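Engineer: I would like to see how this sequence folds:
(one chain, ligands or ions: 1)
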Amino acid sequence: NPDPRELLDLALEAARRGGELAARGQHGISVLDTKSSPTDVVTEMDRATEELIRDILLGARPDDAVLGEEGGAAPGATGVRWLVDPIDGTVNYLYGRAEWAVSIAAEFDGRVVAGVVEVPVRGQTYSAVRGQGARRNGEPISAAAPVDLDMALVATGFGYEARRRSRQARVLSTVLPRIRDIRRVGSAAIDLCAVAEGSINAYYERGAHPWDWGAGALIATEAGARVGGLRGTPPNHDLLLAAVPGLFEQLHDLLEPLGADSDD
Ligand code: IPD
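Structural biologist: Take a look at the predicted model:
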């Protein structure tokens, strides 16, 4: 079996170099393509950064599998699969904002065992190895103490398609009067790290992908948060929810009857 600490070291190196490349190219970039809607953009730097990260990971471990946001799936033979989001928070990146991250997770036999979320403009590196706690710039971090839902600062995110966004707005109209306030940071990976360091109490989103949450979910879990979907499922595309135990259940019980995991 691979040593998760070695996988983490490789992820740290790839995230650092990918983050440097993306940060150098942040200003004056152009949009190359769009995905699910005209506002769901891919920049030249999304592609270049993912290519660099793939080269670093596969240069060191050529037989591993990779699933990347831009480059898709490459099969492997070792049981290790890398989940790569070169720039999570692409719209922030495009607008010259700071809230974007490189997210790299290493799965072994389908389970994330190590993860890194690098936030280059803020100089923050979040990391975790399963069973060994979560860190920011090498120092241990932990999620905030439990609060009741009505005192919770909650982050969320929205999809890019109009139908999903209308539904998300309707869910939010019920959530908003029940909580302290809402934040829409624009990067799922950073939202999960915010739960991990206690700068936000909870986060939920419909429609996120494994490359968005792979690293951040491990970091939040290792910091003491609970991360999952609705009705006891693991985190998934339908709904991703993270909060300390207690608050997790309160937010779950608010979101579940609202159908927050559906577009209809
Ligand atoms: C997006 C961000 C955003 C979330 C979207 C994601 P991208 O990732 O994480 O916060 O709301 O669902 O797609 O497109 O910037 O990599």
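Engineer: Residue numbers of this structure in contact with the ligand?
Structural biologist: Contact residues, the chain versus the ligand (C-beta under 6 Å from any ligand atom): 69, 85, 88-90, 157-159, 186-188, 205, 207-208, 212. C-beta: built from backbone N, CA, C; applies to glycine.
Engineer: Could you list the low-confidence segments of the stretch 151-264 of the chain?
Structural biologist: Scanning the stretch 151-264 of the chain for pLDDT under 70 picks out no residues.
Engineer: The residue most central in space within the chain and residue 73: what is the separation?
Structural biologist: Centroid check for the chain by C-alpha atoms, centre = their mean gives residue 189 as the closest residue, at 2.5 Å. Counting by C-beta to C-beta, to the nearest Å, the gap from residue 189 to residue 73 is 20 Å.
Engineer: circling back: which element is the residue nearest to the centre of the chain on?
Structural biologist: helix 188-197 (DSSP states H and E).
Engineer: Quick one: neighbours of residue 23, just the number.
Structural biologist: 18 (other C-beta atoms under 10 Å).
Engineer: hmm, I was thinking of residue 180
Structural biologist: Quick note: residue 180 (other C-beta under 10 Å) scores 13 neighbours.
Engineer: isn't it right next to residue 155, touching?
Structural biologist: No - counting by C-beta atoms under 8 Å, residue 180 stays clear of residue 155, with 11.8 Å between them.
Engineer: Figure out the helix or strand that residue 5 lives in.
Structural biologist: Residue 5 belongs to helix 4-24, assigned by DSSP H and E.
Engineer: After that helix, which helix or strand is next? Please name it.
Structural biologist: strand 31-34.
Engineer: Name the residue of the stretch 51-200 of the chain that lies nearest to the ligand.
Structural biologist: For the stretch 51-200 of the chain and the ligand, the shortest gap (C-beta to the nearest ligand atom) falls at residue 157, measuring 2.5 Å.
Engineer: related to what we said a few turns ago, and the average pLDDT for the helix holding residue 5 is what?
Structural biologist: Mean per-residue pLDDT for helix 4-24: 98.
Engineer: and it, what other elements does it pack with?
Structural biologist: Applying 3 or more C-beta pairs under 8 Å, 6 or more residues apart in numbering; DSSP states H and E, one finds that helix 4-24 contacts helix 44-60, strand 80-88, strand 101-108, strand 111-119, strand 124-129.
Engineer: What are the contacting residues of the helix or strand just after the second one?
Structural biologist: Per DSSP H and E, the first helix or strand lying C-terminal to strand 80-88 is helix 90-94. Residues outside helix 90-94 that contact it (C-beta atoms under 8 Å, 6 or more residues apart in numbering) are 22, 26, 29, 31, 39, 41-43, 45-46, 87, 98-100, 186-187.
Engineer: Surely residue 120 is in contact with residue 19?
Structural biologist: Yes - the pair residue 120 / residue 19 is scored as a contact, 3.8 Å apart, by C-beta under 8 Å.
Engineer: Need the overlap of contacts for these two.
Structural biologist: residue 102.
Engineer: neighbours of the closest residue to the residue of the stretch 51-200 of the chain closest to the ligand other than its chain neighbours, just the number please.
Structural biologist: Distances taken as C-beta to C-beta, 6 or more residues apart in numbering place residue 205 nearest to residue 157, at 4.2 Å, with adjacent residues excluded. Using other C-beta under 10 Å, residue 205 is surrounded by 24 other residues.
Engineer: show me the contacts for residue 205.
Structural biologist: Contacts of residue 205 by C-beta under 8 Å, 6+ apart are 156-158, 188, 191, 239-240.
Engineer: what's the spacing between stretch 171-180 and its chain's center?
Structural biologist: Offset of stretch 171-180 from its chain centre (C-alpha atoms, centre = their mean, to the nearest Å): 23 Å.
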